[in-house]
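>>> Sequence first, predicted model second:
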Amino acid sequence: MLAQPHYIREYRRLLRNLRKTSASETEALERAVGGSYEATGKTQAKLVLDLVTEGPVHLIDVGCGSGRLAYALRDEARVSYSGFDILPDLIAHAEKMCDRPDWRFEPISSLALPVEDATGDIVVFMSVFTHLKPAEIRTYLAEAVRILKPGGYIAASYFDADDPKHAELFPPTPVQYLARIFGRDVLRIRLRRNELETWMKEAGLVLERALTDGPLLQHVMIARKPVEAASQ
Ligand SMILES: C[S@@+](CC[C@H](N)C(=O)[O-])C[C@H]1O[C@@H](n2cnc3c(N)ncnc32)[C@H](O)[C@@H]1O
């Protein structure tokens, strides 16, 4: 049997530990995405809706978890939504919370997204690159470019290695520090902004802006798929 990808192993372990220290299953599922379920969801929803302010929008939420963003958007008739996550229990909670039978919630087990080419208006990775290795982030960026319509947006949040506030948030434990030397346990890892910018440009994206002082705990990089990619 093939070994499970590290991100599934590591996130399963995190959820297992949260279940031991939560008063209820719902609390564990909501803590697994960082807690502050409704407030953070609303902040994420505003960020997304501000990118495309009118007309129908197909939003693809990669690593949607237990549905913070989806729940905040559930009354938006103009949004059609596809949410993917590696943990089926989180996805099931997201689906139950939203009660939108027209929306898609689907577990995934690899970095290949089950979405047709050029069908998304916005692809979001909220607090997902914080758990992946550089090569995996680059794979996801290529997937985002593939599934975005020309002119579509990507919004990706990350902990910035150069922001002292982020350094204080989740300092690696000694065990984690050692594990990382061997390429293991990258949960809540920090990135450098210029690394992410370089990977985005290499993927063919055009950088729009970085949000570095908003209400989210992380910075958010916004980029677009160029319109001229339509004829490639
Ligand atoms: C901190 S949570 C954030 C969830 C959601 N985006 C939010 O902001 O509420 C990180 C999520 O990423 C998911 N995840 C981790 N690795 C992933 C991967 N390779 N592909 C998709 N989702 C992944 C986890 O299962 C978890 O739900």
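Looks like it came in fine.

>>> Alpha carbons of the top strand by length along the chain, as PDB, please.
Looking across the chain with DSSP state E, the single longest strand is strand 148-160. Backbone C-alpha positions of strand 148-160 (Å, rounded to 0.1, in the frame of the first residue of the first chain) are rendered in PDB as follows:
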ATOM      1  CA  LEU A 148      -9.200  29.200 -13.100                       C
ATOM      2  CA  LYS A 149     -11.000  31.100 -15.900                       C
ATOM      3  CA  PRO A 150      -8.700  33.600 -17.600                       C
ATOM      4  CA  GLY A 151      -8.800  36.700 -15.400                       C
ATOM      5  CA  GLY A 152      -9.800  34.600 -12.400                       C
ATOM      6  CA  TYR A 153      -8.400  35.200  -8.900                       C
ATOM      7  CA  ILE A 154      -6.400  33.200  -6.400                       C
ATOM      8  CA  ALA A 155      -6.300  34.100  -2.800                       C
ATOM      9  CA  ALA A 156      -3.800  32.200  -0.600                       C
ATOM     10  CA  SER A 157      -3.000  32.900   3.000                       C
ATOM     11  CA  TYR A 158       0.300  32.100   4.700                       C
ATOM     12  CA  PHE A 159       2.300  32.800   7.800                       C
ATOM     13  CA  ASP A 160       5.100  35.100   6.900                       C
END
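
>>> Would you mark the buried spots in the next helix or strand after it?
Per DSSP states H and E, the first helix or strand lying C-terminal to strand 148-160 is helix 164-169. Buried residues in helix 164-169, counted by 16 or more other CB atoms under 10 Å: His166. The way it works is simple: take the backbone N, C-alpha and C, and place the C-beta from them, glycine included.

>>> Look at His93 and say how many residues are nearby.
For His93, the tally of surrounding residues (other CB atoms under 10 Å) stands at 24.

>>> on that earlier part again, each with direction, which strands does the longest strand of the chain pair with?
strand 120-125 (parallel), strand 190-191 (parallel), strand 219-224 (antiparallel) (DSSP bridges).

>>> quick check: mean pLDDT across it?
Averaged across strand 148-160, the pLDDT comes to 96.

>>> go on, stretch 207-224?
92.

>>> Can I get that stretch in CSV, CA atoms only?
Only the C-alpha atoms of stretch 207-224 are listed here, as CSV (Å, rounded to 0.1, in the frame of the first residue of the first chain):
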residue,chain,number,x,y,z
LEU,A,207,0.4,39.3,-8.6
GLU,A,208,-2.3,41.8,-7.5
ARG,A,209,-1.5,42.6,-3.9
ALA,A,210,-0.6,41.2,-0.5
LEU,A,211,-2.8,41.9,2.5
THR,A,212,-0.5,42.1,5.4
ASP,A,213,-2.5,44.0,8.1
GLY,A,214,-6.0,42.7,7.9
PRO,A,215,-8.0,41.0,10.6
LEU,A,216,-6.9,37.5,9.6
LEU,A,217,-4.0,36.1,11.6
GLN,A,218,-2.2,35.4,8.3
HIS,A,219,-1.1,37.4,5.3
VAL,A,220,-3.0,36.9,2.1
MET,A,221,-1.5,37.0,-1.4
ILE,A,222,-3.9,37.8,-4.2
ALA,A,223,-3.0,37.0,-7.8
ARG,A,224,-4.8,36.6,-11.2
